[in-house]
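Asks: Have a look at this fold, sequence not included:
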């Protein structure tokens, strides 16, 4: 069974996963109130300001785990910190799952960061549009999505978006649940190779280099206490590079695309072997 992690947020369509087979996922991670979507989650990750009265108070806590800032801040720091990653829980959950669970696939649902003015914003009704708050780390949600997508690929993980909403600011390839059901380790590898080939490595390296040069790492995670130290223009420049790095990634992964990906994987392997033969192969250097 592939190591596929489902991350569930609180967008209205999060309830679509209620009837999805549990066997399709090695782990289910729920964010904040999303523990109420289905009862068989493995990890609840929540922000420090999540109200205690909204925590689940049932037997599930005997077999599942609660992930707090003491767990996810060090993980976020390992990937460069909140200033670069984006200080909202969809990204925080993604980075935590990437490091802690080492999945082959992370599939998101209910993490679109779209908040309609004339309809429920969350599956439980009206909620706070946290990712849209005035925050130096959240000026470009699509760029932060691209950064996470690239970082995950560099760690061997494919990130996909199970949303079927018309819009999503989680700008990673869409996928349907039937496609997730049909994934095998070989198909996942083929898709990963195909996606890696679409990443603009010059832009990726430029973004990573600028992050290192600025050094905006706040060890305790409380970056909002240091906003006067951050150069917003420099952060915008980094975001533009991350956006450019994923400008060519496909909008979706569908069965036809998966077959094509297998062909691309064979081509990539052949090219890799040829490069080794001519001593021209060179790995892409990038940290976490």
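Replies: Perfect, I can see it now. These figures come from a predicted structure and were not determined experimentally.
Asks: Give me the below-cutoff pLDDT ranges for this protein.
Replies: For the chain, the stretches with pLDDT under 70 are 59-62, 255-288.
Asks: can you give me the helices for it?
Replies: 69-78, 82-85, 89-101, 141-154, 177-181, 185-198, 201-214, 232-245, 255-277 (DSSP state H).
Asks: Looking at those, which is nearest to residue 134?
Replies: helix 232-245 (11.6 Å; C-beta to C-beta). Using the backbone N, CA and C atoms, a C-beta is placed for each residue, glycine as well.
Asks: Please name every helix or strand in contact with the closest one.
Replies: Applying 3 or more C-beta pairs under 8 Å, 6 or more residues apart in numbering; DSSP states H and E, we find helix 232-245 packed against helix 141-154, helix 201-214.
Asks: Would you mind listing the buried residues in that helix?
Replies: Using 16 or more other C-beta atoms under 10 Å as the test for burial, helix 232-245 gives 235, 238, 239, 241, 242, 243, 244, 245.
Asks: how far does it sit from the chain's center?
Replies: Using C-alpha atoms, centre = their mean, to the nearest Å, the mean C-alpha position of helix 232-245 is found 18 Å from that of the whole chain.
Asks: Pull the residues that contact that helix.
Replies: Contact partners of helix 232-245, identified using C-beta atoms under 8 Å, 6 or more residues apart in numbering, comprise 83-84, 136-137, 139-140, 142-144, 146-147, 150, 199-201, 203-204, 206-207, 210-211, 214, 216.
Asks: Check these for burial and list the buried ones.
Replies: Judged by 16+ other C-beta under 10 Å, buried ones among these: 83-84, 136-137, 140, 142-144, 146-147, 150, 199-200, 203-204, 206-207, 210-211, 214, 216.
Asks: Which one of the helices of the chain lies nearest to residue 9?
Replies: helix 89-101 (5.7 Å).
Asks: Run the angle between the closest one and helix 69-78 for me.
Replies: Going by axes from the mean of the first three to the mean of the last three C-alpha atoms, to 10 degrees, helix 89-101 is angled at 90 degrees with respect to helix 69-78.
Asks: correct me, but residue 145 touches residue 160?
Replies: No - contact criterion C-beta atoms under 8 Å: residue 145 and residue 160 do not qualify, at 11.8 Å.
Asks: Find the residue at the geometric middle of this structure.
Replies: Of all residues in the chain, the one closest to the mean position by C-alpha atoms, centre = their mean is residue 94, 4.3 Å from it.
Asks: Could you report the distance from the nearest residue to that residue once chain neighbours are set aside to residue 22?
Replies: Sequence neighbours aside, residue 148 is the residue nearest to residue 94 in space, at 5.3 Å (criterion: C-beta to C-beta, 6 or more residues apart in numbering). For residue 148, the distance to residue 22 (C-beta to C-beta, to the nearest Å) stands at 25 Å.
Asks: Alright, calling it a day.
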